[in-house]
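**Student:** give me the fold of what follows.
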Amino acid sequence: MIDTGHWEVTCESVEELPYGFIYIITNKVTNKKYIGKKQIFKTVKRPPLKGRKNKRHVQMETDWKEYTSSSNEVNEDILNIGADNFKFEIVRWCASKSELAYYEAKLQFEHDVLLNENYYNGIINLRIGKLKCN
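**Tutor:** Model (predicted):
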């Protein structure tokens with residue numbers, strides 16, 4: 001079983017960690033929600049080894065287990081009323097960056113996050129490439 005930190009997984013379970021996930025954070029006091037995405041892995045460029053020219057690319061795990069949100073408003077509310085008053089749930093695992101961007105935007109549009117006062121979301125940021133087939 002994968003340690004997911006404070007995140008509750010409400011989608012299918014996975015054997016190994018994928019590229020990232022789509023999440024919903026719910027304020028239990030006001031029932032206001034935030035839909036976002038988080039990468040689990042990032043690529044870090046290291047300097048080349050002695051005598052080499054090419055940089056080294058290393059996959060590292062991000063801070064996803066402690067991560068709360070990219071929204072300043074959500075983070076401010078978490079500070080003010082405490083993380084206990086929020087539900088952090090993973091609703092979908094994603095295998096690639098483009099899949100992550102696609103499903104975040106899809107879920108945000110399905111819930112009309114920009115038109116609904118019950119959502120913290122203030123922008124839908126889109127830059128999506130064609131999904132790569134495995």
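**Student:** where does the residue most central in space within the chain land in three-state SS?
**Tutor:** Of all residues in the chain, the one closest to the mean position by CA atoms, centre = their mean is Lys38, 2.0 Å from it. The three-state label given to Lys38 by DSSP: H, G, I helix; E, B strand; the rest coil is strand.
**Student:** number of residues surrounding the closest residue to it other than its chain neighbours?
**Tutor:** Once flanking residues are discounted, Lys38 sits nearest to Trp64: 5.2 Å by CB to CB, 6 or more residues apart in numbering. Placement of C-beta: from N, CA and C, glycine included. Using other CB atoms under 10 Å, Trp64 has 19 other residues around it.
**Student:** likewise for Pro18?
**Tutor:** Neighbours around Pro18, by other CB under 10 Å: 17.
**Student:** who are the contact partners of it?
**Tutor:** 40, 93-95 (CB atoms under 8 Å, 6 or more residues apart in numbering).
**Student:** ok, those residues vs Ser70, which is closest?
**Tutor:** The closest of those to Ser70 turns out to be Ile40 (CB to CB; 15.0 Å).
**Student:** look up how far Asp84 lies from that closest one.
**Tutor:** 24 Å (CB to CB, to the nearest Å).
**Student:** quick one: contacts of stretch 108-124?
**Tutor:** Residues outside stretch 108-124 that contact it (CB under 8 Å, 6+ apart): 25, 31-36, 69, 71, 73-74, 105.
**Student:** looking at those residues, which are in helices?
**Tutor:** Of the contacts of stretch 108-124, the ones assigned to helices by DSSP state H are 73-74, 105.
**Student:** what about burial for the residues you listed, which qualify?
**Tutor:** Buried residues within the ones in helices among the contacts of stretch 108-124, defined by neighbour count using 16 or more other CB atoms under 10 Å: 74, 105.
**Student:** re earlier: which of Ile40 and Asp84 has more neighbours?
**Tutor:** The neighbour comparison of Ile40 against Asp84 (other CB under 10 Å) goes to Ile40, with 20 against 8.
**Student:** check what pLDDT the residue lying farthest from the centre of the chain gets.
**Tutor:** Of all residues in the chain, Gly51 has its C-alpha farthest from the mean position, at 38.5 Å, by CA atoms, centre = their mean. Predicted confidence (pLDDT) at Gly51: the value is 84.
**Student:** right, I'll leave it there.
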